[in-house]
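In: The sequence and its predicted three-dimensional model are supplied below.
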Amino acid sequence: MSNQQLIPLSVPNIAGNEWKYVKDCLDTGWISSVGSYVTQFEQMVADFAGARYGVASVNGTAALHIALLLSGVKQDDYVILPNLTFVASANSIKYLGAEPILIDADPDLWQMDLDLLEEFLENETDERDGELICIKDGRRIAAIMPVHILGNMCDMDRFLSIVKKYPLQVVEDATEALGTSYKGKHAGTFSPMGCFSFNGNKIISTGGGGVIVTDDEQLAKRAKHVTTTAKASVDEYYHDEVGYNYRLVNLLAAVGVGQMELLPSFIKRKKEAVAFYKNELDGLADIRFQKELADVETNGWLFTIQTDRQQELLAHLNANKIVSRRFWMPMNKLPMYKDCIYIQKKDNAGYIYNTCLSVPCSTNITDEQLEIVAREIKSFLT
Ligand SMILES: *Cc1c(COP(=O)(O)O)cnc(C)c1O
């Protein structure tokens, strides 16, 4: 056991044409802010998700920021967000001077609790002049950001039927959900704009990167414009608004093209890991899994188990060179978001945070490593 190699949680898997495409960039000098790999990567992600257009960005956070900006979120607005998410979702709201309204997690799916959302919208909001207002303080609620947590999804039909009754923009944080679908429709395509991330721990990686997908040509053009310094002339430095330098460089897009070619095999491997773990661990002690709806096909991004012995199990696994990690700390526990409105009854997000741990499931994990992880969990819990 002691000479066993460290088993990482979820790391990049560079296994295809990435070197070749990067070398092409280096050989030709097309390394920077424009190039054919950028366009190709954008189209590959859009095609995979079944969307018309893709607009690449420097990371997933930037994609969310721009999608909210283009949805009309402004200073002092509210944006509804699950309390249980990665901090980037909340930060993208803050960048616009807006504030999240946090909704607790569903105890089984770990996604935004739709009962709480429905009650909140019914009882604590009002419509004035076609805008949704938070009764408590009169501030506008401009948008809602569902986050497809761990590559899983909520009941999207129900979600959409709730939100369509209100003047609310929807921006999907699908950063963890490349390869996930609901009734055959890909995550990120249930709203005018959906955002993906290609950070190192995601199912494919460009080192850092993001893509906004949309079916709307105007939104795609606007997204491209504001992520590329809002340059409005080909041959002059004429910029017609305050844009952002949020481009994904060609060098990284080249990695992305190589990774996109591998995505189907990565999804397959993630699913094998999930199936293996579930088979090995089902019924063991108090272990529970994230529930999946029958209509949802997940990408199995980050396998996570729930047990009341979280702390001890984490310590045991990490002591045995098995990198295991808690969930993100819920937003209401962070100093920047502790005073946000938090809609909850039992603080399920807090409970999930205190009981869940993710275990190794990189796409290049070996069968032997999967067995070692399962064996250590079993031997500890029984
Ligand atoms: C990864 C992730 C993001 C975006 O992260 P970047 O590192 O900026 O690409 C946003 N939201 C969630 C929930 C994420 O997991």
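Out: Now that the structure is in, tell me what you want to look at. Residues are numbered from 1 along each chain as shown.

In: correct me, but residue 178 touches residue 46?
Out: No. Under the criterion of C-beta atoms under 8 Å, residue 178 makes no contact with residue 46, lying 11.6 Å away. The C-beta positions use only the backbone N, C-alpha and C, and glycine is treated the same way.

In: Between these two, which has more neighbouring residues?
Out: residue 178 (27 against 22; other C-beta atoms under 10 Å).

In: and that one, what does it touch?
Out: By C-beta atoms under 8 Å, 6 or more residues apart in numbering, residue 178 lies in contact with 45, 48-49, 151, 187, 196, 202-204, 263, 299.

In: What of residue 105?
Out: Contacts of residue 105 (C-beta under 8 Å, 6+ apart): 82-84, 111-113, 149, 348-349, 352.

In: Go through these and say which is closest to the ligand.
Out: The ligand lies nearest to residue 149 out of these, by C-beta to the nearest ligand atom, at 6.8 Å.

In: tell me the phi and psi of the closest one?
Out: Main-chain dihedrals, residue 149, degrees, to the nearest 10: phi -70, psi 130.

In: and it, how many neighbours does it have?
Out: Number of residues near residue 149 (other C-beta under 10 Å) recorded here: 30.

In: List the residues that contact it.
Out: By C-beta under 8 Å, 6+ apart, the residues touching residue 149 are 82, 84-85, 105, 110-111, 176.

In: what does residue 139 give?
Out: Residues near residue 139 by C-beta under 8 Å, 6+ apart: 76-78, 99, 133.

In: and residue 72, how many residues sit next to it?
Out: Residue 72: 12 neighbours (other C-beta under 10 Å).

In: Just the residues contacting stretch 12-26, thanks.
Out: Outside stretch 12-26, the residues that reach it (C-beta under 8 Å, 6+ apart) are 30-31, 35, 37, 200, 205, 207, 250-251, 254-255, 257-259, 261-262, 266, 362-364.

In: Mind giving me the PyMOL command for buried ones among these?
Out: Those of those that count as buried under 16 or more other C-beta atoms under 10 Å are selected in PyMOL with:
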select buried, resi 30+35+37+205+250+251+254+255+257+258+259+261+262+266+362+363
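
In: Now go through the contacts of stretch 12-26 and say which are in strands.
Out: Taking DSSP state E, every one of these sits outside strands.

In: The closest residue to the ligand within the chain - nearest residue in space that isn't next to it in sequence?
Out: Residue nearest to the ligand within the chain: residue 60 (2.8 Å; C-beta to the nearest ligand atom). In this structure, residue 60 finds its nearest non-sequential neighbour in residue 197, 2.7 Å apart by C-beta to C-beta, 6 or more residues apart in numbering.
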